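Visitor: Show me how the following folds:
(chains A and B)
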Amino acid sequence: MAVAPLTDTVLRMHGIEKSFLGVRVLHGVDLDLRAGEVHALMGENGAGKSTLMKVLAGVYQADAGSIELDGRPVAFAHPLEAQQAGVSTVFQEFNLLPERTIAENVFLGREPRRRGMVDADRMNADTAALLDGLGLDSLTPDRRVRTLSVAGQQIVEIVKALSYDARIISMDEPTAALADEEVELLYRLVGTLRDRGVAILYVSHRLKEIFDLADRVTVLKDGALVDTVAIGEITSDELVRKMVGRPITSFFPDKLGGTTAGDVRLRIAGGGNDQLDGIDLEVRAGEITALAGLQGSGRTEIAHALFGVARFTRGVVELDGRPVRLRSAREAVRAGLALVTEDRKAEGLALNQSVAANARLVLDAVLGGRGTKRIPGILSSLELSSRGGDQEVRFLSGGNQQKVVLAKWLATDPAVMVLDEPTRGIDVGAKQKVYTLMRELSAWGVAILMISSELQEVIGMADRVVVLRDGRIAGELPAGSDEESVMALATGQETA
Amino acid sequence: MTATTTRPRLSRRLGSTELVYAALLGVLAIGAVLVAVRGGNLFGTANLVDMLTRSSLLGFVALGQTFVILCGSLDLSVGYVMALCSLIGATTMAGDPAKVPLGIAAVLVVAAGIGLLNGLIVSVLKVNPFIATLGMGLVIKGYLDTTYKGPAGEVPSSFQQFGYSRIGFLPVSTAVMLVAVVLGILYLRRTRTGYHMFAVGGSAEVARLSGIRTGRVVVMAHVLCAVAAGVAGLLVAARFGTGSALVYSSGYDLDSIAAVVLGGTLLMGGRGGIAGTLGGVLILAVLDTVFNILQVDPFFKDVLRGVVIIAAVAIYARRQIDRKASRPRFGNGPPPEPAPDPPVPVGQGADR
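Guide: Numbers count the residues shown, from 1 in each chain, chains lettered A, B, ... in the order given. Coordinates of the predicted model:
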């Protein structure tokens, strides 16, 4: 593989635009990659990093804009075309067959043949050579991928990319699932690849990694390019500032008069399991506590721990001062918890059942049907627009579906409501309705724990912001904090 | 390098094929003891021939079934294909030794055509394979029931040798089946299409992203499966001397799936192989022979077979359980403070 001079531009993306269902997620983004550089791609959740990466990988096709590889325009209609052109992508979800060997995965779809038969010896030898070249000779090519750790599987993806003579490898949060000692290994691999002249597009939220590894960094915000700078010319403060900071609108309703923080209703002390550690959290009546953090930081895991999906194996959970055992969702509901899940369609609703049936689901299942008389009143106070209680919820808009989910839980008269991404995928009007409802619940004394990846929502609604990082609490911020300080805690720029 | 190596537990290092043959040895041993108690010898020539003869017919069907199951598909029409092919073979041969090749060719063509249709319905029309092949089976059944009121055609005695002659204690049909099994193993382990069957069954999406034409692979598996069932139909004709529609009620469809699963192939596809299937077929044959010698009530016999199949699959399932366990971030250190109510420990994943 010829080592290209350091300033050689191998890839130039220009004016990339992409919309989904009429919502534009990329607004004319430019990006260029040079041979032998590690180019970091940063931005908040939803800034457009993944979409840009998938356009490069051929998973999505850009609506407008051009991609040039070595000065020649290319258009990848399929991930395979990108790969064959030397553009490989290591996604967080690996594209590997766990039951097959490393070599079989690396050469999948283009197994070398001799006299019409697959030449397994050559396949293994070539894979071994690639592994040796990376200094990984302890991995044998005939090992089943299933027996490898996450880091090992990542290595297989990288080896696969190299076997296609990849000149560009993009990696989507490669360290997200790695243990500390594995991160060092990945650093070493990235270094080796860079020295060989491979251009690496490195998507990560972790500032430390960016400053450790990257040569340049491109920041996206709300689907638009903010800036591309050399890493030596920027401080971490400036980088965070580029990622966040947009005008706060008066979009969020004010706290209702007479809402005061009351007693602690939910308390977690020293909560931990295999994904979380040392979680100390108090949620008070009349207060909205936000859980912020990057994807994978442990936000949803806390909700899951409370609802017995992946229980706390350490620590204590108390409701209204009484220790409770929460081994299942059933026990959690009985104890007075409600959970509006992140994935409305898969976890929140029975889509082909009626509005009425969905709204009384929890009451019927757990509380023996008590309280169903309240439901019509709740639905009308939420201003649900449907063709009546018989309508199947799959025909409702996202916002109205969310109202059905909320009604289902409000009917149980919960003490603590956990809202995981309560406004994801719903329109502006419905969002405001949800926010107003949260304020009302808060005024009635319901303790609210809101999990959100939208910083604006966190800032606009929360009385307290608890920021998570890598399964631990990174710090707590009062109401009125700015996006930058939340981001700084979430990315580990500083510890409060 | 500890970062990338995780040592599998001892029980996990035993491959599933080895496990199948260990189970076969176990069944043989237990069977031999039970038979010996009754004063018999399981390994006497008559009993050996019985076991091997039983395994040949199911062997062909299960061999074919392995291909489709590996691809994540299924074929419930094999019993009807067998019946149809026995009739086509016998009526084409019509007692004339010169027409044997023609009869064989006709069977292979018809079987391949049915397999092609099955495969296209599954891969192009995206009909669930369970429904697609069940429907195909019903179509064939309807044709058989209206066209053939009883046995039809005649197999010349030269071809009946395929059903009856033996080399020592090894029936010729079993020998042919074993050759087919070896060819099948080579096909899966040495050809690209064979490799791609594992890929399609393991993850159709990964296969597609790797440039594999998944539809073709599925069609190929169905063709091979139907052809294998067609050969089983020829064997039926050779044994009976005539074609018989009633074979379809002998349960070869479900038995073949049971043999495949017993052989360690995942019903969802992507993992397994023909060597294991042969083990599964032999286990079922040994069980049947032993039940016969012991004169077990036929209904109770089915109960026992059912229990064996469920038990085997339960064991495989246990071996799979911790594969999906999430990767722990914490859990090595001691708990910071013990909970007053000791919580039920959660599996920490086997990988660390």
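
Visitor: Give me the contact status of stretch A:77-89 with chain B.
Guide: Yes: shown here: stretch A:77-89 in contact with chain B (Cβ under 8 Å from any Cβ of the partner chain) through A:79-80. Every C-beta, even on glycine, is put in place using the N, C-alpha and C of the backbone.

Visitor: now what about that stretch, what contacts it?
Guide: Stretch A:77-89 is contacted by residues A:11, A:53-54, A:56-59, A:61, A:69, A:74, A:76, A:109, A:160-161, A:164-172, B:209-211 when judged by Cβ atoms under 8 Å, 6 or more residues apart in numbering or on different chains.

Visitor: Name only those of those residues that count as buried.
Guide: Burial by neighbour count, 16 or more other Cβ atoms under 10 Å in any protein chain shown: within the contacts of stretch A:77-89 this picks out A:11, A:53-54, A:56-59, A:69, A:76, A:109, A:160-161, A:164, A:166-172, B:209-210.

Visitor: can you give me the strands in the stretch 1-150 of chain B?
Guide: Per DSSP state E, counting those that start in this stretch, the stretch 1-150 of chain B carries no strands over any range.

Visitor: shaky segments in it?
Guide: Residues of the stretch 1-150 of chain B meeting the criterion pLDDT under 70: B:1-15.

Visitor: What are the boundaries of the helices in it?
Guide: Secondary structure of the stretch 1-150 of chain B (DSSP state H, counting those that start in this stretch): helices located at B:10-13, B:16-37, B:45-70, B:78-93, B:100-123, B:129-147.

Visitor: Serialize these to a markdown table and add fields for distance to chain A and mean neighbour count.
Guide: A markdown table is the format used below for the helices of the stretch 1-150 of chain B (distance: least, Cβ to the nearest Cβ, whole Å; neighbours: other Cβ atoms under 10 Å in any protein chain shown):
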| stretch | distance to chain A | mean neighbour count |
| --- | --- | --- |
| helix B:10-13 | 8 | 10 |
| helix B:16-37 | 10 | 16 |
| helix B:45-70 | 10 | 25 |
| helix B:78-93 | 25 | 28 |
| helix B:100-123 | 17 | 21 |
| helix B:129-147 | 20 | 17 |
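
Visitor: now, which of the buried ones among the contacts of stretch A:77-89 lie within strands?
Guide: When DSSP state E defines the strands, the subset of the buried ones among the contacts of stretch A:77-89 inside them is A:11, A:69, A:168-172.

Visitor: Show me which pair in these is furthest apart.
Guide: A:Leu69 and A:Asp172 (20.0 Å; Cβ to Cβ).

Visitor: Flag the shaky bits of the stretch 351-496 of chain A, pLDDT-wise.
Guide: Judged by pLDDT under 70, the stretch 351-496 of chain A has its weakly predicted residues at A:494-496.

Visitor: Name the residue of it that lies nearest to chain B.
Guide: Distances between the stretch 351-496 of chain A and chain B by Cβ to the nearest Cβ are smallest at A:Gly471, namely 4.9 Å.

Visitor: quick one: that residue and A:Arg314, what's the gap?
Guide: 12 Å (Cβ to Cβ, to the nearest Å).

Visitor: swap in A:Met243?
Guide: Counting by Cβ to Cβ, the gap from A:Met243 to A:Arg314 is 34 Å.

Visitor: any shared contact partners between A:Gly471 and A:Arg314?
Guide: Contacts common to A:Gly471 and A:Arg314, judged by Cβ under 8 Å, 6+ apart, are A:Asp277.

Visitor: I'd assumed B:Gln160 was in a strand, is it?
Guide: No: going by DSSP: H, G, I helix; E, B strand; the rest coil, the assignment for B:Gln160 is helix, not a strand.

Visitor: That one: neighbouring residues, count only.
Guide: When neighbours are counted by other Cβ atoms under 10 Å in any protein chain shown, B:Gln160 registers 16.

Visitor: thought it was touching B:Gly241?
Guide: Yes: taking Cβ atoms under 8 Å as the definition, B:Gln160 is a contact partner of B:Gly241 at 5.8 Å.

Visitor: At which residues are the strands of the stretch 201-350 of chain B located?
Guide: Under DSSP E, counting those that start in this stretch, the stretch 201-350 of chain B gives no strands.

Visitor: pLDDT below threshold where in it?
Guide: Scanning the stretch 201-350 of chain B with the threshold set as pLDDT under 70 gives B:319-350.

Visitor: what does the stretch 301-450 of chain A have sitting close to chain B?
Guide: A:310-316, A:323, A:325, A:327.

Visitor: If you rank those by neighbours, which is first?
Guide: Compared across those, A:Phe312 has the highest neighbour count, 25 neighbours, by other Cβ under 10 Å.

Visitor: give me every residue that touches that one.
Guide: Taking Cβ under 8 Å, 6+ apart as the criterion, A:Phe312 is in contact with A:268, A:271-273, A:276, A:279, A:305, A:326, B:339, B:343.

Visitor: Equivalent analysis for B:Ile274, please.
Guide: Here B:Ile274 is in contact with B:63, B:66, B:181, B:184-185, B:188 (criterion: Cβ under 8 Å, 6+ apart).

Visitor: That one and chain A, how far apart?
Guide: For B:Ile274, the distance to chain A (Cβ to the nearest Cβ, to the nearest Å) stands at 15 Å.

Visitor: any idea which element the residue nearest to that residue when sequence neighbours are not counted lies in?
Guide: Spatial nearest neighbour of B:Ile274, chain neighbours left out: B:Gly184 (4.5 Å); criterion: Cβ to Cβ, 6 or more residues apart in numbering or on different chains. For B:Gly184, the element it lies in under DSSP states H and E is helix B:172-190.

Visitor: so what does that helix touch, helix or strand wise?
Guide: Secondary-structure packing of helix B:172-190 (3 or more Cβ pairs under 8 Å, 6 or more residues apart in numbering or on different chains; DSSP states H and E): strand A:117-118, helix B:45-70, helix B:157-164, helix B:192-202, helix B:214-240, helix B:274-293.

Visitor: again, only this time at 7 Å
Guide: Applying 3 or more Cβ pairs under 7 Å, 6 or more residues apart in numbering or on different chains; DSSP states H and E, one finds that helix B:172-190 contacts helix B:45-70, helix B:157-164, helix B:192-202, helix B:274-293.

Visitor: What about A:Gln295, how many residues nearby?
Guide: By the criterion of other Cβ under 10 Å, A:Gln295 has 12 neighbours.

Visitor: wait, isn't it in contact with A:Asn45?
Guide: Yes: the pair A:Gln295 and A:Asn45 passes the contact test of Cβ atoms under 7 Å, sitting 6.1 Å apart.

Visitor: Mutual contacts of the two, please.
Guide: A:Ser453 (Cβ atoms under 7 Å, 6 or more residues apart in numbering or on different chains).
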